[in-house]
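Colleague: heads up, no residue letters with this:
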C-alpha cells in the first residue's frame with residue numbers, strides 16, 4: 001500500500017473541458033472500477049463521455065492525486081472518510097453524488113457464528129479513523145462490546161466501556177484485513193476488499209452493516225470548484241442511472257447495495 005504524503009496537498013485546476021476531453025477517474029478495482037467500466041462500455045458513449053479508469057489498491061493515493069490535479073475525479077470512498085482526509089491532509093475535495101453502499105462485515109475462518117467468538121479473541125479492524133469507528137460501532141450494535149455514550153462512528157478503542165469477551169483489537173490498513181484472517185480470530189473488513197478477496201458479504205459475514213440510515217455510501221469525488229463541470233455532472237447522472245443500479249444488483253447479489 002502506498003504511503004500518505006505528510007504535507008498538505010494543493011488543489012490545482014482541472015484541464016479545460018472540450019468535446020474530446022477524456023475524464024480520468026481513480027478507483028478501487030472492486031467494485032468501483034467494475035462499475036465505472038460498465039458505465040464506460042454501456043452508457044458513456046451515448047452521453048458523449050470518454051472515461052479513463054485508473055485503479056488504486058489503497059485509500060490514500062486516489063485523493064492525493066486528485067488534489068494534485070492528476071485525476072479529474074475519484075470513486076472509492078464515503079463522505080466521512082473524505083471529511084477526515086480533508087481535515088488531516090489539508091486537501092479541498094468535494095463529495096458530488098452517492099452511488100452505492102459496501103456494508104462493513106465481520107469475518108472469520110475460525111468460527112461460523114458470532115456467539116462462538118472465544119474469550120480473548122484477536123479481532124483485526126481498519127486503522128483509519130472513520131472505518132475504525134465504523135468497525136467498533138458494528139461490534140457494539142451486535143452486542144459484542146459497548147461504547148461510551150455518544151461515541152458513535154467516531155469511536156476509538158478508548159471509547160470501549162464494556163468488553164465481556166476481553167477481545168484484543170489489531171488495527172491494520174484496510175487492504176491487509178482479508179489476509180489477516182489466517183492470523184486472527186476475526187476481522188472487520190470493508191466491503192470492497194472483502195469482495196476482492198473472494199468473500200461473499202451477504203452470506204459469509206458473521207454480522208453485516210444495515211443499509212437503512214447508513215451514512216457510508218461510496219460516491220464520486222472531485223476537487224472543490226469542479227462539482228458542476230459538464231463532464232462531472234454527466235458522470236454523476238450516469239452513475240445513478242437505473243441501469244447501473246440493475247448492474248449492481250445482478251453482479252453483486254446483495255453484497256453491494258445501490259445508494260438510495
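Modeller: That came through fine. Keep in mind it's a predicted model, so treat the numbers as computed, not measured. Residues are numbered from 1 along each chain as shown.
Colleague: Tell me the secondary structure at residue 24.
Modeller: Three-state call for residue 24 (DSSP: H, G, I helix; E, B strand; the rest coil): strand.
Colleague: I misspoke; the intended subject was residue 53.
Modeller: Under three-state DSSP, the three-state class of residue 53 is strand.
Colleague: Please name the residues that touch it.
Modeller: Each residue near residue 53 by C-beta atoms under 8 Å, 6 or more residues apart in numbering is listed here: 25, 27, 33, 36-37, 40. From N, CA and C alone the C-beta is placed, and that goes for glycine too.
Colleague: which ones are touching residue 31?
Modeller: Residues in contact with residue 31 (C-beta under 8 Å, 6+ apart) are 100, 102, 192, 195, 248, 251-252, 256.
Colleague: what does residue 258 give?
Modeller: When contacts are counted by C-beta under 8 Å, 6+ apart, residue 258 touches 99-101, 244-245, 248-249.
Colleague: what are the ranges of the strands in the stretch 1-150 of the chain?
Modeller: Using DSSP state E, counting those that start in this stretch, the strands of the stretch 1-150 of the chain run over 22-27, 50-55, 73-78, 93-101, 105-107, 122-126, 146-147.
Colleague: May I see the buried residues of the longest helix seen in the chain?
Modeller: As assigned by DSSP state H, the longest helix anywhere in the chain is helix 129-141. Residues 129-140 are the ones in helix 129-141 that count as buried (16 or more other C-beta atoms under 10 Å).
Colleague: mind putting those in a markdown table, pLDDT and distance to residue 172 included?
Modeller: Below are these laid out as a markdown table (pLDDT from 0 to 100; distance: C-beta to C-beta, whole Å):
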| residue | pLDDT | distance to residue 172 |
| --- | --- | --- |
| 129 | 88 | 14 |
| 130 | 87 | 15 |
| 131 | 92 | 11 |
| 132 | 96 | 10 |
| 133 | 93 | 15 |
| 134 | 93 | 15 |
| 135 | 96 | 11 |
| 136 | 96 | 14 |
| 137 | 93 | 18 |
| 138 | 95 | 16 |
| 139 | 97 | 16 |
| 140 | 95 | 20 |
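Colleague: hmm, back to that, show me the one of the strands of the stretch 1-150 of the chain that comes nearest residue 174.
Modeller: Proximity to residue 174 (C-beta to C-beta) singles out strand 122-126 among these, at 4.6 Å.
Colleague: Against which helices or strands is that closest one packed?
Modeller: If contacts are counted by 3 or more C-beta pairs under 8 Å, 6 or more residues apart in numbering; DSSP states H and E, strand 122-126 sits against helix 129-141, strand 168-172, strand 186-189.
Colleague: since we're on the residue nearest to residue 21 when sequence neighbours are not counted, how many residues are nearby?
Modeller: Among residues not flanking residue 21 along the chain, residue 231 sits closest, at 6.2 Å (C-beta to C-beta, 6 or more residues apart in numbering). When neighbours are counted by other C-beta atoms under 10 Å, residue 231 registers 23.
Colleague: ok, residue 231 - contacts?
Modeller: Contacts for residue 231 (C-beta under 8 Å, 6+ apart) come out as 17, 21, 23, 49, 72.
Colleague: what about burial for those, which qualify?
Modeller: Neighbour counting over the contacts of residue 231 (16+ other C-beta under 10 Å) leaves 21, 23, 49, 72 as the buried ones.
Colleague: Could you verify my assumption that the third one touches residue 23?
Modeller: Okay, so that is residue 49. Yes - counting by C-beta atoms under 8 Å, residue 23 is a contact partner of residue 49 at 6.5 Å.
Colleague: Could you pull out the residues contacting both of those two?
Modeller: Counting by C-beta under 8 Å, 6+ apart, the residues touching both residue 49 and residue 23 are 231, 235.
Colleague: Skip the chain neighbours and tell me the closest residue to residue 195.
Modeller: The shortest distance from residue 195 to any non-neighbouring residue, by C-beta to C-beta, 6+ apart, is to residue 30 (5.2 Å).
Colleague: Helices along the stretch 101-250 of the chain, start to end?
Modeller: 129-141, 191-196, 201-204, 230-239, 242-252 (DSSP state H, counting those that start in this stretch).
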